[in-house]
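Peer 1: next input, structure requested:
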Amino acid sequence: MGDSAAAAEYERLREQLSAKYALVDKVFTFGDTEFTIQAVADPDAVLQEVAERSVTAGDDWDDQQPYWAELWQSAHALCHRCVSMELTGRRILDLGCGLGLTTAVLASRQANVVAVDSVAEALEFCVLNCWPWRTRVQTAQVDWRYDRLEKSFEQIVAADILYDRDHWPFIEAFWQAHLEDEGVIVVAEPGRHSADGFADWLRQRGWFVREELRVSHGVGQSARHRLLEITRREQVATWVSED
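Peer 2: Alright, predicted model coming up:
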């Protein structure tokens, strides 16, 4: 695709999304790279719309997964961790990619990324937000409860996917199907008490898990986040702990 055709396709996709949602630019810096992310201006409105539709139309709430419209703090923690890792040429799966922030960071560091989400609109945003690195990004609409990809990955990353304990067996089975034997899974999670037992739950199923729980302090508030590194075999960690 030539430059003019690529620019036209980018504008077409952006106009298509802006016809559905009010958009806002959000700028982030990870490592030495600045990322401008097209985001939903009012993600709470998306959440409310899905909630109302699930009641009035009888839609399955799990099938809608409205959380993609928010840029969660766990994704920021995951992105900061990813820029400290050697990713060139790695085959990485971004599970629950949402708006594509983590996918963009991975692709900018020369990883080859498959970004998956259960919601089609999330994948459209992901394509838009990864446009400068689009040759390194593929997307697929995937529900981890039922779907499988015909490939495995050296690394799987995910942010804030442990909110529903009922989904843990589906996530674990999905990882079993897609992680290479020597692969690594990195998960960022906002320190919810509901996920406190996840590491031990995985260990009981034969996984090796390193868990790092940190508290960051801001003006008038503090935030917890948990980083998990998960492997099939015991091995040296791929990250260096922050001071």
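
Peer 1: what's near enough to touch Trp133?
Peer 2: Trp133 makes contact with Ala104, Ala107, Ser108, according to C-beta atoms under 8 Å, 6 or more residues apart in numbering. Heads up, the C-betas are built off the backbone N, CA and C, glycines and all.

Peer 1: pLDDT at it, what is it?
Peer 2: Trp133 is assigned a predicted lDDT (pLDDT) of 97.

Peer 1: picking that back up, if you rank the contacts of Trp133 by neighbours, which is first?
Peer 2: Neighbour counts for those, by other C-beta atoms under 10 Å, peak at Ala104, which reaches 30 neighbours.

Peer 1: does that residue really touch Asn129, like I thought?
Peer 2: Yes: counting by C-beta atoms under 8 Å, Ala104 touches Asn129, with 5.4 Å between them.

Peer 1: helix, strand or coil for Met85?
Peer 2: With DSSP: H, G, I helix; E, B strand; the rest coil as the basis, the three-state label of Met85 is coil.

Peer 1: name the residues contacting each of Ala104 and Asn129.
Peer 2: Phe35, Ile37.

Peer 1: flag the shaky bits of this protein, pLDDT-wise.
Peer 2: 1, 50-66, 215-223, 236-243 (pLDDT under 70).

Peer 1: go again with 50.
Peer 2: 61, 240-243 (pLDDT under 50).

Peer 1: helices along that one, start to end?
Peer 2: 3-18, 43-56, 61-64, 73-82, 101-108, 120-129, 168-178, 198-203 (DSSP state H).

Peer 1: just checking, what packs against the longest one?
Peer 2: What that stands for is helix 3-18. helix 120-129 (3 or more C-beta pairs under 8 Å, 6 or more residues apart in numbering; DSSP states H and E).

Peer 1: so what's Glu34 up against?
Peer 2: Contacts of Glu34 by C-beta under 8 Å, 6+ apart are Val27, Phe28.

Peer 1: picking that back up, dump the contacts of Trp133 to JSON lines, plus distance to Arg81.
Peer 2: As requested, the contacts of Trp133 are arranged in JSON lines below (distance: C-beta to C-beta, whole Å):
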{"residue": "Ala104", "distance to Arg81": "15"}
{"residue": "Ala107", "distance to Arg81": "16"}
{"residue": "Ser108", "distance to Arg81": "15"}
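
Peer 1: wait, Val83 touches Thr29, no?
Peer 2: No: counting by C-beta under 8 Å, Val83 stays clear of Thr29, with 9.8 Å between them.

Peer 1: of these two, who's got more company?
Peer 2: Taking neighbours as other C-beta under 10 Å, Val83 and Thr29 compare with Val83 leading, 16 against 10.

Peer 1: the more buried one and Gly100: what is the separation?
Peer 2: 16 Å (C-beta to C-beta, to the nearest Å).

Peer 1: Gly2 too?
Peer 2: 23 Å.

Peer 1: compare those two (neighbour count), which wins?
Peer 2: Higher neighbour count among Gly2 and Gly100: Gly100, with 32 against 7, using other C-beta under 10 Å.

Peer 1: quick check: closest non-adjacent residue to the more buried one.
Peer 2: Using C-beta to C-beta, 6 or more residues apart in numbering and skipping the chain neighbours, the partner closest in space to Gly100 is Cys126 (3.1 Å).

Peer 1: got it, and Arg145?
Peer 2: Phe170 (4.4 Å).

Peer 1: and that neighbour, how many neighbours?
Peer 2: So Phe170, with other C-beta under 10 Å, has 14 neighbours.

Peer 1: go on, Ile37?
Peer 2: 18.

Peer 1: same check on the one 10 residues further on?
Peer 2: Neighbour count of Leu47, defined by other C-beta under 10 Å: 15.
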